[in-house]
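**Q** Make a model of this:
(chains A, B and C)
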Amino acid sequence: MPELPEVETVLRTLEHQIQKQKIIDIDIRWDRIVQGDNDEFKQTLIGQEFVDFKRRGKYLLFIMNDCILVSHLRMEGKYFYVDKDTPVDKHTHVIFKLSNNLELRYNDTRKFGRMEILPKDTDLDTFKNLGYEPWDERLTSAYCKSVLRKRTGPIKGALLDQSFIAGIGNIYADEICFKMGVDPRKACKKITKKNCEDLIIATREILQRAIECGGTTIRSYTSSLGITGLFQLEVYVHGKKDEVCPVCGTPIKKIRVATRGTYFCPNCQKR
DNA sequence: ACACTGACCTGCGAGC
DNA sequence: TGCTCGCAGGTCAGTG
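**A** Here you go, the predicted model:
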C-alpha cells in the first residue's frame, strides 16, 4: 500500500532507470486506469522523454518535455522496468514502450490506480488541493492548530485528509498517533498546541525513517521485479491487533475510526 | 460548508 | 475440503 515513503522510493528508482528515455508507443490494456480520452493520452505522450521526476503527496509526477504525466498507485500499483520480450503479467494494464527496447509496465492487481496528463505549467503547490508536504516550513504548530480548531471529528480523520498534510495514509496515521501518544479518536478541537508540535515531529520522523528504509511493505508481494519497499519499517501498532505494545506491554486494540481500521495502544495513547 | 457513503477492484482469510 | 462473504485501501462523486 504505497504511501508517501513508498512513492518516493518508486520515484527514486525510476529516476535512475528511465531518465531521458523516450516513449515510442503505449499499450493501454485497461482503459479506466487512464483518465480522459485514451487516444489523446497516447498522442500527447508518444515522442516525449522522461525529463524529471517529482512527487507531491502520494502522486508520482513524471515531467516530460511538453507535459506532466501524473500517476497515483492507490493501493497496489507498481511499475516494472523490463525487456520487451518479458511475458506480460495479467495485472499489467499500461505499457510504455521505450526507445531502448525496454518497457515500463504499470501493474495493478486491483485496477485502482490512475494516471493522467497535466499541462507543464500546472501549479504543483495547489495541485489536487493537496496540503503541505510534511517538510514544508509552512507546516507549523500554529497552522495545525488553526486547521484543527475548525474541524469536527477525530484527529485520525485529519491526518488522512490530504488537504491538511499531503502523503499520510492509514498505516502512518496510526504510527503517528502512537508516536504522539494521542488516541486516534481524540477530537480535533481538543488537540493542544503541544499535540500539534508532537504531530509535526512525529510525522517528519516516521516518514523520513520510512523513506530511508525504502518504504514499508505490509502485504507480501510475490513479484521479484517489483519496485516496492524492499525493507520493513519498524511498525509499532498498525496491523498488530492483540500483540503487546512495544512500550508498555498492553495488548494493541483494533477499532474503527474515520471509517478505517485503526490500531492503537489503549494505555500509551490518551484522549 | 462540511462530513459521511458508496463506487471503483481483486485477493485473501474467516466462517460455515 | 470447498464454498460464500466481507473486508482492505485512497480518492472522488454524490448525498445528507
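
**Q** so what does the helix or strand residue A:148 falls within touch, helix or strand wise?
**A** Using DSSP states H and E, residue A:148 maps to helix A:141-149. On a contact count with 3 or more C-beta pairs under 8 Å, 6 or more residues apart in numbering; DSSP states H and E, helix A:141-149 meets helix A:155-160, helix A:193-212. Backbone N, C-alpha and C define where each C-beta goes, glycine included.

**Q** and among those helices, the most buried is which?
**A** For these, the largest average neighbour count (mean count of other C-beta atoms under 10 Å) is found in helix A:155-160, namely a mean of 23.

**Q** So what's the model's average confidence on the following helix or strand past it?
**A** Using DSSP H and E, the helix or strand that follows helix A:155-160 in sequence is helix A:170-180. Averaging pLDDT along helix A:170-180 gives 91.

**Q** Contacts for helix A:170-180, please.
**A** Contacts with helix A:170-180, where a contact means C-beta atoms under 8 Å, 6 or more residues apart in numbering, come from A:1, A:3-5, A:155-156, A:159-160, A:168, A:183-184, A:195, A:198-199, A:202-203, A:205-207, A:210, A:216, A:218, A:235-239, A:260-265, A:268-269.

**Q** returning to that earlier point: now the helices and strands packed on helix A:141-149 as TSV including distance to DNA strand C?
**A** Listed next are those as TSV, based on distance: least, C-beta to the nearest atom of the strand, whole Å:
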stretch	distance to DNA strand C
helix A:155-160	6
helix A:193-212	13
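
**Q** Identify whichever of those helices lies nearest to DNA strand B.
**A** Ranking the helices and strands packed on helix A:141-149 by their distance to DNA strand B (criterion: C-beta to the nearest atom of the strand) puts helix A:155-160 first, at 5.4 Å.

**Q** helices and strands around that closest one, which ones?
**A** On a contact count with 3+ C-beta pairs under 8 Å, 6+ apart, helix A:155-160 meets helix A:141-149, helix A:170-180, strand A:260-264.

**Q** Give me the secondary structure label for residue A:70.
**A** Secondary structure, DSSP: H, G, I helix; E, B strand; the rest coil: residue A:70 is strand.

**Q** shouldn't it be in contact with residue A:59?
**A** Yes: when contacts are counted by C-beta atoms under 8 Å, residue A:70 is listed as touching residue A:59 (5.6 Å).

**Q** And the residue of chain A closest to DNA strand B?
**A** Relative to DNA strand B, the nearest point of chain A is residue A:110 (3.6 Å; C-beta to the nearest atom of the strand).

**Q** what sits against the spatially closest residue to that residue that is not a sequence neighbour?
**A** Spatial nearest neighbour of residue A:110, excluding adjacent residues (C-beta to C-beta, 6 or more residues apart in numbering): residue A:76 at 5.4 Å. Shown in contact with residue A:76 (C-beta under 8 Å, 6+ apart): A:1, A:108-110, A:112-113.

**Q** change it to 7 Å
**A** Taking C-beta atoms under 7 Å, 6 or more residues apart in numbering, we find residue A:76 in contact with A:108-110, A:112.

**Q** next one: residue A:25
**A** With C-beta under 7 Å, 6+ apart, residue A:25 has these contacts: A:46, A:97.

**Q** If I look at it, what pLDDT would I see?
**A** 96.

**Q** How about the one 4 residues further on?
**A** Each residue has a pLDDT score; the one for residue A:29 is 90.

**Q** Can you check the pLDDT for the residue nearest to it when sequence neighbours are not counted?
**A** In this structure, residue A:29 finds its nearest non-sequential neighbour in residue A:93, 5.1 Å apart by C-beta to C-beta, 6+ apart. At residue A:93, the model reports a pLDDT of 92.

**Q** wait, what's in contact with residue A:93?
**A** Residue A:93 neighbours (C-beta under 7 Å, 6+ apart): A:29-30, A:33, A:106, A:108, A:111.

**Q** do residue A:181 as well
**A** By C-beta under 7 Å, 6+ apart, the residues touching residue A:181 are A:268-270.

**Q** can you rerun that using 10 Å?
**A** Residue A:181 sits next to A:195, A:198, A:202, A:247, A:265, A:268-270 when contact means C-beta atoms under 10 Å, 6 or more residues apart in numbering.

**Q** One more: residue A:124?
**A** Taking C-beta under 10 Å, 6+ apart, we find residue A:124 in contact with A:54-56, A:59, A:61, A:63, A:68, A:118, A:130.
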